[in-house]
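[1] Sharing a model prediction with you, sequence too.
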Amino acid sequence: MLSIVIIAKNEEEYLPRLLKSIKHQDYKDYEVILSDAESTDNTRQIAMESGCRIIEGGLPSIGRNNGAKVAKGNTILFLDSDVVLPKKFLRTNLEEFKKKRLVTATPIYKPITDKTIDKFLYKVYNTWAKATQYFYPHSAGFCIFCKKDTFNKLKGFDEKILMAEDHDFVNRSKKHGKFRILYNKPILVDIRRLDEEGRFELVKKYFKGAIHRTFKGEIYTPNFKYE
């Protein structure tokens with residue numbers, strides 16, 4: 001079984017789109033766990049009506065860890081609420097995940113946009129992620145496949161890290177097996193963060209964070225303004 005863990009806080013606008021894309025998958029052996037961080041809108045009601053199991057969440061690492069703790073599947077898929085799964089996403093990526101005998105993985109990222117600049121930014125990131133996957137893995141938390149036993153060995157996401165806890169998670173996982181990029185089916189990613197924070201500011205923030213992690217280690221102190 002696959003356990004899909006979705007973290008959310010006030011996601012009534014985006015969550016229905018994701019849940020609909022999950023229901024339209026041709027792979028059906030899954031459970032959906034919504035780790036909710038005290039939403040004040042209709043997020044929980046939407047999840048309940050869709051048949052999700054709802055648990056208490058918190059900050060992203062806490063939400064993912066709480067969801068994984070109750071997961072029944074031997075493989076976990078961590079998702080954010082604003083992504084969309086294209087048709088055959090689960091089956092295709094799980095087949096590649098198993099064929100390559102991976103312990104963690106992430107697919108190619110494809111932005112939901114017509115803007116050339118956004119397509120270019122994601123292409124740059126995908127190229128960089130492909131190049132570093134063998135020795136210094138990176139993966140955004142909005143889509144991570146992980147073996148349940150590997151998650152347990154890692155003791156989950158480090159809840160003390162303030163930024164890039166997702167990248168830290170997959171980087172640590174390489175001690176227990178292979179991380180790789182999944183090439184056959186991309187995850188569709190909303191660009192609302194680019195719109196809200198600004199493309200230049202967000203790229204600058206991520207670049208600054210990458211430099212810090214490369215030369216100083218993980219980010220445990222509040223040197224970055226990061227939501």
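    Sure, I can see it.

[2] make it CA atoms for all contacts and neighbour counts henceforth
    Noted.

[3] Enumerate every residue touching the spatially most central residue of the chain.
    Central residue check for the chain by CA atoms, centre = their mean: the C-alpha nearest the mean position is that of residue 142, 2.3 Å away. Neighbour list for residue 142: 78-81, 83 [criterion: CA atoms under 8 Å, 6 or more residues apart in numbering].

[4] Now, those that are in helices?
    Counting by DSSP state H, no part of the contacts of residue 142 is found in helices.

[5] which residue ranges form the helices in this structure?
    With DSSP H applied, the chain shows helices at 15-23, 43-49, 60-70, 89-99, 116-132, 148-154, 165-173, 192-197, 199-216, listed in chain order.

[6] Make JSON lines out of the ones you listed and add distance to residue 106 and mean pLDDT.
    Formatted as JSON lines, the helices of the chain follow (distance: least, CA to CA, whole Å; pLDDT from 0 to 100):
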{"stretch": "helix 15-23", "distance to residue 106": "17", "mean pLDDT": "98"}
{"stretch": "helix 43-49", "distance to residue 106": "24", "mean pLDDT": "98"}
{"stretch": "helix 60-70", "distance to residue 106": "16", "mean pLDDT": "97"}
{"stretch": "helix 89-99", "distance to residue 106": "9", "mean pLDDT": "98"}
{"stretch": "helix 116-132", "distance to residue 106": "10", "mean pLDDT": "95"}
{"stretch": "helix 148-154", "distance to residue 106": "15", "mean pLDDT": "98"}
{"stretch": "helix 165-173", "distance to residue 106": "9", "mean pLDDT": "96"}
{"stretch": "helix 192-197", "distance to residue 106": "20", "mean pLDDT": "82"}
{"stretch": "helix 199-216", "distance to residue 106": "18", "mean pLDDT": "72"}
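
[7] Take those helices and lay them out in a markdown table including mean neighbour count and distance to residue 34.
    Supplementary listing: the helices of the chain in a markdown table, determined by neighbours: other CA atoms under 10 Å; distance: least, CA to CA, whole Å:
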| stretch | mean neighbour count | distance to residue 34 |
| --- | --- | --- |
| helix 15-23 | 18 | 10 |
| helix 43-49 | 17 | 7 |
| helix 60-70 | 22 | 7 |
| helix 89-99 | 17 | 18 |
| helix 116-132 | 14 | 27 |
| helix 148-154 | 17 | 17 |
| helix 165-173 | 21 | 18 |
| helix 192-197 | 11 | 21 |
| helix 199-216 | 13 | 27 |
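
[8] Of all those, which one comes closest to residue 9?
    Smallest distance to residue 9 across the helices of the chain (CA to CA): 7.4 Å, for helix 43-49.

[9] which strands and helices sit next to that closest one?
    Using 3 or more CA pairs under 8 Å, 6 or more residues apart in numbering; DSSP states H and E as the contact criterion, the elements in contact with helix 43-49 are helix 15-23, strand 53-56.

[10] out of these, nearest to residue 100?
    Taking CA to CA as the criterion, helix 15-23 is the member of the helices and strands packed on helix 43-49 that comes nearest to residue 100, at 23.6 Å.

[11] helices and strands around the closest one, which ones?
    Packed against helix 15-23, as judged by 3+ CA pairs under 8 Å, 6+ apart, are the following elements: helix 43-49, strand 83-84.

[12] Ok, which of those comes nearest residue 123?
    Minimum separation from residue 123 across the helices and strands packed on helix 15-23 (CA to CA) falls at strand 83-84, 17.2 Å.

[13] Pairing partners for that closest one, with directions?
    Sheet pairing here is set by DSSP bridges, and for strand 83-84 it gives strand 178-189 (antiparallel).

[14] Tell me which residues of the strand it pairs with come out buried.
    Along strand 178-189, these residues count as buried under the neighbour rule (16 or more other CA atoms under 10 Å): 178-182, 185-189.
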